[in-house]
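Novice: need coordinates for the following:
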Amino acid sequence: MGMCISFNFVSNKKNEMKKLTLTITTILLLSTSLFAQNKLSIDLKKSTLIWTGHAEVGTYAPKGTLNIKEGSILQNKEFKIMGAVLLIDMKSMNQDNEHLLSHLKSEDFFDVEKYQTSTVKIEKISDGIAYGQLTIKGRTQAFQCPVTIKKENSHFVISGNTIIDRTKFGIIYNSGNFFTNLGDKAIRNTFDIEFNLVTN
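Specialist: A predicted model of the protein is given here:
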């Protein structure tokens, strides 16, 4: 009887040790996978974000800037840039024409008092194309755009440009798709974004 009890105890002890070893191994593998992604912070002063809007009729194309509130670039264990996360300060929107700027910040367009930030998530970069998600005014849409990645001394510079359809984010003011007889007051549905991200 004593030998039987002793055998079961040893057997259970071995099983527990195997389970513990397996658990520790799993945790280590997960940790290795997580730490394979390195985060590089963005230099907020050197990085730029430029937007350009367009009138539907004529060549009027006002241009302005936005500030990045915070952001990071994701790098894999081979030191290859694989993604990015950016938080855009919508209240920082700037343009030379004060009347136009005030209108763009209003409820007709970006309603920056209510939606103070926009989010850019680049989830993958493949063959010079970035794929991700863009959130403006609480709405999220997939996007893709060409990017160029350069190494300058100890810094990375990620540059690119994309065209965004504002109506997909509920911004329909003077859009020919939603209103008629706008004449020269019609505004193009799309606007351009040009970005230059510099890591610290």
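Novice: just the element for Lys124, please.
Specialist: Assessed by DSSP states H and E, Lys124 sits inside strand 117-126.
Novice: list the buried ones in stretch 161-181?
Specialist: Of all the residues in stretch 161-181, those buried under the rule 16 or more other Cβ atoms under 10 Å are 162, 164, 166, 168-169, 171-172, 174-175. Placement of C-beta: from N, CA and C, glycine included.
Novice: how long is it end to end?
Specialist: 32 Å (Cα to Cα, to the nearest Å).
Novice: give me the mean pLDDT for it.
Specialist: Average pLDDT, stretch 161-181: 97.
Novice: ditto for stretch 80-88
Specialist: 96.
Novice: just the CA trace of it, in PDB.
Specialist: Output of stretch 80-88 as PDB, limited to C-alpha atoms (Å, rounded to 0.1, in the frame of the first residue of the first chain):
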ATOM      1  CA  LYS A  80      13.000  46.200 -41.000                       C
ATOM      2  CA  ILE A  81      10.200  48.800 -40.700                       C
ATOM      3  CA  MET A  82       6.900  46.900 -40.600                       C
ATOM      4  CA  GLY A  83       4.300  49.400 -39.500                       C
ATOM      5  CA  ALA A  84       3.400  52.600 -37.500                       C
ATOM      6  CA  VAL A  85       0.800  54.100 -35.200                       C
ATOM      7  CA  LEU A  86       0.100  57.800 -35.300                       C
ATOM      8  CA  LEU A  87      -2.200  60.100 -33.300                       C
ATOM      9  CA  ILE A  88      -3.000  63.200 -35.200                       C
END
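Novice: how distant is that stretch from the center of its chain?
Specialist: Put simply, stretch 80-88 sits 6 Å off its chain's centre (Cα atoms, centre = their mean, to the nearest Å).
Novice: contacts for it?
Specialist: Contact with stretch 80-88 is made by 37, 42, 49, 66-76, 117-125, 130, 132, 149, 156, 158, 197, as judged by Cβ atoms under 8 Å, 6 or more residues apart in numbering.
Novice: let's see 6 Å
Specialist: 66, 68-76, 117-123, 149 (Cβ atoms under 6 Å, 6 or more residues apart in numbering).
Novice: show residues contacting stretch 189-199.
Specialist: In contact with stretch 189-199 (Cβ under 6 Å, 6+ apart) are residues 40, 42-43, 46-53, 73, 155-165, 167, 175.
Novice: tell me which of those fall in strands.
Specialist: 40, 48-52, 73, 155-165 (DSSP state E).
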